[in-house]
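Chemist: Sequence first, predicted coordinates after that:
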4 protein chains.
Amino acid sequence: MKGIITYPPNGGAKFLDIDIYERNEIKLKTLYVGVCGTDKEIVLGKLPFARPEHGNTLILGHEALAVIEDPGESKIFKKGDVVVPMVRRPGKCKICSIGRWDYCEDGDFVEAGIRGKNGFMREEFYDEERYLVKVNQKDLDILVLTEPLKNVMKMVEIFRFLSGKLPWYCDDSTYTCKNLYVFGTGPEGLLVGSVFKHMGFNVIAVNRHPPTESVSKFLEINGVDYLDTSKEKISERIKKFPMDFAIDAVGSMEILYSIAKNIKNNGIVLLFGTSGQLLNGNKEFITEIVDKNLLVAGSTDGSKQNYVEAVQFIEENGMRLGFNVLISQVFKFDELESMDLVKFLTEKRKDEIKKVIKFI
Amino acid sequence: MKGIITYPPNGGAKFLDIDIYERNEIKLKTLYVGVCGTDKEIVLGKLPFARPEHGNTLILGHEALAVIEDPGESKIFKKGDVVVPMVRRPGKCKICSIGRWDYCEDGDFVEAGIRGKNGFMREEFYDEERYLVKVNQKDLDILVLTEPLKNVMKMVEIFRFLSGKLPWYCDDSTYTCKNLYVFGTGPEGLLVGSVFKHMGFNVIAVNRHPPTESVSKFLEINGVDYLDTSKEKISERIKKFPMDFAIDAVGSMEILYSIAKNIKNNGIVLLFGTSGQLLNGNKEFITEIVDKNLLVAGSTDGSKQNYVEAVQFIEENGMRLGFNVLISQVFKFDELESMDLVKFLTEKRKDEIKKVIKFI
Amino acid sequence: MKGIITYPPNGGAKFLDIDIYERNEIKLKTLYVGVCGTDKEIVLGKLPFARPEHGNTLILGHEALAVIEDPGESKIFKKGDVVVPMVRRPGKCKICSIGRWDYCEDGDFVEAGIRGKNGFMREEFYDEERYLVKVNQKDLDILVLTEPLKNVMKMVEIFRFLSGKLPWYCDDSTYTCKNLYVFGTGPEGLLVGSVFKHMGFNVIAVNRHPPTESVSKFLEINGVDYLDTSKEKISERIKKFPMDFAIDAVGSMEILYSIAKNIKNNGIVLLFGTSGQLLNGNKEFITEIVDKNLLVAGSTDGSKQNYVEAVQFIEENGMRLGFNVLISQVFKFDELESMDLVKFLTEKRKDEIKKVIKFI
Amino acid sequence: MKGIITYPPNGGAKFLDIDIYERNEIKLKTLYVGVCGTDKEIVLGKLPFARPEHGNTLILGHEALAVIEDPGESKIFKKGDVVVPMVRRPGKCKICSIGRWDYCEDGDFVEAGIRGKNGFMREEFYDEERYLVKVNQKDLDILVLTEPLKNVMKMVEIFRFLSGKLPWYCDDSTYTCKNLYVFGTGPEGLLVGSVFKHMGFNVIAVNRHPPTESVSKFLEINGVDYLDTSKEKISERIKKFPMDFAIDAVGSMEILYSIAKNIKNNGIVLLFGTSGQLLNGNKEFITEIVDKNLLVAGSTDGSKQNYVEAVQFIEENGMRLGFNVLISQVFKFDELESMDLVKFLTEKRKDEIKKVIKFI
């Protein structure tokens, strides 16, 4: 079986014949695997928590769509069913045991393709029933976006929880009067925009340069506005569209300072970008969090229910909302054998949003 | 009538004969007024949002205990009742109108002794029934701590809300296994320690120097531990007492970074200090908020219900829990006429926690 | 303009030329109006709170789909837009003022076609922007089901709130291990089944007779099971599928007793049927609510946000989930002139789920 | 060792020499045991779920205060510490494992003195550290009321949760405008009145006869009003004091119907009485739950945190709020040897609220 391996935490990427097989009952063939920023960081040796499953190697790939080849004893799945395999697998803590390993208390978990568990950039793998999320539409290749989208669904869940603190809706009960600023226009930021717009918010995607053509197209389909901070200051835009809610998909302190400064009292801030961009301190930052009674939540990963919600969202809205635009290019797995894999996994061509590997 | 005025936002402090009377129905005589860091900042001209009520002057004082001199038409109060007057008064926003002006949406409020409304450092004032919180124990002078304590009661309320996101209690339903680190050992930090220890947490007060004698005494009475970071690193202490929960009463970025680094997954962080201390950036900060699924909430002011809870806490626990230790010195109002008021309001003697002005 | 009026609270139904026009800015033409059990009760004079708008007459009809004929000054709507008009309109209480008039505190509201406001069984009406919910798919006639479905969306909202009391999900975070029993298989009960199945529950529709052919067909499309209590006792079925959650769409004490008896500890019970069926007392009823720590919530009406969610659900899932099966027959409005209207509005033909009037 | 045993589910009561010893590490001597309605039902053979620990006998008693005789290896307790032993002990379900066995999912628990575990009406017992709740005031005999009061603390917790659904507070954020009707004036009903009055509610205790002298005295101390429904209808009282909130400590359908009829929209109803009183059906009952959007919750038992809160409430408020009035008579354990035990445990003298057995 062929697969792409890396040597964490040092990185690198090789296309190899491998014969690592899990001992789980269900055999799957990989259909698609998406490539994302986390893969890039692993390959560049920049993700400190990346680690091998056995020895010093890790099979890459965590955004997958696969087909059941042999369901074993499973009563839920049959041959030919298409599924999304979960990335994170639970440890033994209390929160893991009750079903929310996305909130694992002690870090004692593994993540396929990232830390301690081989991923899906290979032709076949074995898995457990419990970690496979069934899809209904077998030929909908944009379902490869389920894994990144499940993170957004967790953010919806956190928003719902946090917004219960005060009556946090318009005076007609909807969110149409509420403005959400989404920082970052990579795949995750774009998915955030799509989902929260669908919930009724007025969404403004923010970046410090003009949108690429693909980004523009996606935002337009979704009815999301764009703010290019190289041309217009946030402090200007909020005069007309006050910032009630902010989601950061970047992870820069500069953005966090800007949010704290510009958001309204009782604002909600969700953070899920982790670029680690550095910035000098801002002495008003904490004062603003305090005086505005802000709520700030970090969010990583998602629960199986969040995967289920992501599958539903894609099946019901994905085509209409232009999710195909997010997949800039599809590469056949075999083609990769002769390519510069490190380059493939770490560089984006102009106007690329996300690339996907097709296995069958 | 004599009172102490300032000239915001420039500051200063004068002891003057003044004849500013509000036109509210209930006449009160001031009993005690506490002095706090906000007064210092106003007097030093460092609180940008301090503003006069009329002209260019503001009567100082927001931590008060007063006695009803003439209840007017009030059916709730009678002459001789002792009350705590609220600091913040509502504006016209939706959240103010439903009773939570501590969460005012648009900043359109006034705060007695701070912004836009004369405070209580004067012999008499008039007020509305609605903004007076009755106490039961007429001779309990530590009730002058109600105002700072109501901020802590709001934090309890926010903690209760945020901790509903996940099962956030020990496996016997209590909080005895949970460690709360409180940063800052000024009056507010000490009150936080007392209240959350009373809720069942193991509380560790943190500062970067040894505790003064008074602080030690108060913490000992309350069963709160101390961590002097000049002698022991937080990273050491958390090996034995993992940080589940953190409350910052300082407002320094350095502390916020330290919390993000040291706190456990799913940690809760409450911020209410606003010292505005500056620090160079920390590139792991946001990553930690995200990867740990942290919840961070700013909190300012408190609702009338929070005042009621603060009064109850002091009446029921204050003496036993050493709240008298927090009042380092009591000055008669008349004495102040001949003192250097700016110095009085802005400097603390060695080992002083809080000083209080006694009017009658 | 022609319309159907009744004389509440006495009832009756007449097809008349009427010239009652509201003075709102937006003019609409009615497309479809659904007929439901509430209409039947009004016409039979059995709904005590039915009342006229003016004089002694009320135009019937509250489940409508309409098209904008003249948008007036509206910036949101343009001619040709298709909308669902809201039934309930707010009074002046605190909860109405913040946008949740479905939770009106004092009963000071009107409901189109039911109490105090003329309904939509007429060729035209005028309305306010604020009470119109826009749809995207102009030719999707099953959107006439938005009004009944918005009640279900409110139930989802209440479920989400109540299920936050304890970790109320399976040990993989989904609801697939949770069994929901829905009592009643009229249109509302069937919609409940569809929506909660979509959320991931295993749903069992319960009635005391075999399902009609249409009901069977709808349930099958939706993957909802059926329990005919004339053939199998609930106490049998729960051995295999324990009752975790129950929703009653009937309103019979017998059902409520049965739920209390058969549901598991920590069960959630939502009530929205109001048939008022009588039954002798059951002395274990309260004991069961107490000893099982049950949560029971009544639910009526829905917010504008619930309408928005209902529109989305129908547009995204309605055809796939067989909502067309729920509309048993469509009658042209003009045909009704010559029919026995009381009979039309109060009797159902065999196997009828819901009938709809088509205006244009 | 002497103790009082019963033969569940048949009942009866005998004073015997017994030598049943648990094998837990901590040895305790019993100080006080309160007698309550549950004991009466067990002795009368009317509590269907009462069951022996071994053989056919059960030692009675679940409301206890005890002193550590030998702490064994415990690091928390030392000889002489006074504690309240918990009644319910966890089973193996998910909710038990995370610390909330008061919400046990599957009924697989035992309760000391009630079902499957010997109680505290004996001179000595052995127990585990985990189930003992320490008190601070060693000589405060009203702490024997901790066990019944912990049920009330759980109701406070449930109220806090349910009241988060909507802004459920007055327009000054307090509860002073909210009227709570408490049905039943036995010990539990009186404790409910005391605690919720302390939270700020206007509380009205309801019964169908005049209050006894002791009840009057307790209510007066606590500032709780009384409504004798033999003299004044609820429908009259609510004209002046609308029913926002109701707690039933009785368990009669008649009361439940009355609550549903008289409570305001969005009302909250907590049920914890289980008398099982029968009544003919009321066909408006469900309609009222639905149309008023009511929230109804049953509540039984309490968590260890609820015990801790109960201990604090008694220590901080019990004497001031007249909890001693609730203990009508104290009997020495030895005296009971010569008394008619069944009569003692099942009959109340005129004006008795609760009797207590003193062991040392």
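Modeler: Sure, I can see it.
Chemist: Return the distance of the residue positioned nearest the centre of chain A relative to chain B.
Modeler: What sits nearest the mean C-alpha location of chain A, by C-alpha atoms, centre = their mean, is residue A:148, with 2.7 Å. Separation of residue A:148 from chain B (C-beta to the nearest C-beta, to the nearest Å): 15 Å. Heads up, the C-betas are built off the backbone N, CA and C, glycines and all.
Chemist: Quick one: the helices in the stretch 101-250 of chain A, in order.
Modeler: In the stretch 101-250 of chain A, the helices defined using DSSP state H, counting those that start in this stretch lie at A:146-162, A:187-198, A:213-222, A:234-240.
Chemist: now the ones you listed in CSV, with distance to chain D and mean pLDDT?
Modeler: Formatted as CSV, the helices of the stretch 101-250 of chain A follow (distance: least, C-beta to the nearest C-beta, whole Å; pLDDT from 0 to 100):
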stretch, distance to chain D, mean pLDDT
helix A:146-162, 11, 98
helix A:187-198, 23, 98
helix A:213-222, 32, 98
helix A:234-240, 27, 97
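Chemist: In a markdown table: these, plus distance to residue C:274.
Modeler: Putting those into a markdown table (distance: least, C-beta to C-beta, whole Å) gives the following:
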| stretch | distance to residue C:274 |
| --- | --- |
| helix A:146-162 | 29 |
| helix A:187-198 | 33 |
| helix A:213-222 | 41 |
| helix A:234-240 | 46 |
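Chemist: any idea what residue A:68 is structurally, helix, strand or coil?
Modeler: strand (DSSP: H, G, I helix; E, B strand; the rest coil).
Chemist: Report pLDDT for the nearest residue to it once chain neighbours are set aside.
Modeler: With sequence-adjacent residues excluded and distances taken as C-beta to C-beta, 6 or more residues apart in numbering or on different chains, residue A:68 is closest to residue A:81, at 4.5 Å. pLDDT, residue A:81: 98.
Chemist: if I look at residue A:81, how far off is residue A:66?
Modeler: The gap separating residue A:81 from residue A:66 is 10 Å, by C-beta to C-beta, to the nearest Å.
Chemist: again, but for residue A:241
Modeler: Counting by C-beta to C-beta, the separation of residue A:241 from residue A:66 is 42 Å.
Chemist: Of these two, which one has the most company?
Modeler: Between residue A:241 and residue A:66, counting by other C-beta atoms under 10 Å in any protein chain shown, residue A:66 is the more crowded of the two (25 against 15).
Chemist: How is the closest residue to the more buried one other than its chain neighbours assigned, secondary-structure-wise?
Modeler: Among residues not flanking residue A:66 along the chain, residue A:28 sits closest, at 4.2 Å (C-beta to C-beta, 6+ apart). Using three-state DSSP, the structure places residue A:28 in strand.
Chemist: re the thing from before, could you report the neighbour count for the residue nearest to residue A:68?
Modeler: With other C-beta under 10 Å as criterion, residue A:81 counts 19.
Chemist: Pretty sure residue A:77 sits in a helix.
Modeler: No - counting by three-state DSSP, one finds residue A:77 to be coil, located in no helix.
Chemist: Which pLDDT value belongs to it?
Modeler: 97.
Chemist: Nearest spatial neighbour of the closest residue to chain C within the stretch 51-200 of chain A, chain-adjacent residues omitted?
Modeler: Nearest residue of the stretch 51-200 of chain A to chain C: residue A:173, at 3.6 Å (C-beta to the nearest C-beta). Once flanking residues are discounted, residue A:173 sits nearest to residue C:303: 3.6 Å by C-beta to C-beta, 6+ apart.
Chemist: And residue A:243, by the same measure?
Modeler: The shortest distance from residue A:243 to any non-neighbouring residue, by C-beta to C-beta, 6+ apart, is to residue A:263 (4.6 Å).
Chemist: can you give me phi and psi for that neighbour?
Modeler: Main-chain dihedrals, residue A:263, degrees, to the nearest 10: phi -80, psi 160.
Chemist: residues in contact with it?
Modeler: A:243, A:244, A:245, A:246, A:269, A:288, A:292, A:294 (C-beta atoms under 8 Å, 6 or more residues apart in numbering or on different chains).
Chemist: can we see that at 7 Å?
Modeler: Residues in contact with residue A:263, defined by C-beta atoms under 7 Å, 6 or more residues apart in numbering or on different chains, are A:243, A:246, A:269, A:292, A:294.
Chemist: and what of residue A:4?
Modeler: Shown in contact with residue A:4 (C-beta under 7 Å, 6+ apart): A:13, A:14, A:15, A:59, A:60, A:61, A:121, A:341.
Chemist: In ChimeraX, select just the buried ones from the residues you listed.
Modeler: Applying 16 or more other C-beta atoms under 10 Å in any protein chain shown to the contacts of residue A:4, the buried members can be selected in ChimeraX as follows:
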select /A:13,15,59,60,61,121,341
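Chemist: Can you name the residues bridging to the residue nearest to residue A:66?
Modeler: residue A:68, residue A:125 (DSSP bridges).
Chemist: what about it, how many residues close to it?
Modeler: 26.
Chemist: I'd like the distance from it to chain D, if you could.
Modeler: For residue A:28 relative to chain D (C-beta to the nearest C-beta), the value is 30 Å.
Chemist: thinking again about what came up before, so the residue of the stretch 51-200 of chain A closest to chain C sits against residue C:100, correct?
Modeler: Yes - with contact defined as C-beta atoms under 7 Å, residue A:173 reaches residue C:100; the gap is 5.6 Å.
Chemist: Quickly list what's touching both of those two.
Modeler: residue C:303.
Chemist: Those residues of the stretch 251-360 of chain A touching chain C, which are they?
Modeler: A:303, A:304, A:305, A:308, A:316, A:317 (C-beta under 7 Å from any C-beta of the partner chain).
Chemist: do the same with the stretch 1-150 of chain A
Modeler: A:98, A:99, A:100, A:130.
Chemist: do that again at 10 Å, thanks
Modeler: By C-beta under 10 Å from any C-beta of the partner chain, the residues of the stretch 1-150 of chain A that approach chain C are A:76, A:86, A:90, A:94-103, A:129-131, A:133, A:136.
Chemist: low pLDDT regions in chain A?
Modeler: A:276-283 (pLDDT under 70).
Chemist: Phi first, then psi, for the residue lying closest to residue A:188 once chain neighbours are set aside.
Modeler: Once flanking residues are discounted, residue A:188 sits nearest to residue A:249: 4.8 Å by C-beta to C-beta, 6+ apart. Main-chain torsions, residue A:249, degrees, to the nearest 10: phi -110, psi 10.
Chemist: how about residue A:249, what does it touch?
Modeler: A:151-152, A:155, A:182-193, A:205-206, A:255, A:270-275 (C-beta atoms under 10 Å, 6 or more residues apart in numbering or on different chains).
Chemist: Please report how far it lies from chain C.
Modeler: From residue A:249 to chain C the distance is 23 Å (C-beta to the nearest C-beta).
Chemist: can you name the farthest residue from the center of chain A?
Modeler: Chain A, farthest from centre, C-alpha atoms, centre = their mean: residue A:171 at 32.6 Å.
Chemist: give the contact list for the residue nearest to it when sequence neighbours are not counted.
Modeler: The spatially closest residue to residue A:171, leaving aside those adjacent along the chain, is residue C:99, at 4.4 Å (C-beta to C-beta, 6+ apart). Contacts for residue C:99 (C-beta under 10 Å, 6+ apart) come out as A:167, A:169-174, A:177, B:94, C:90, C:303-305.
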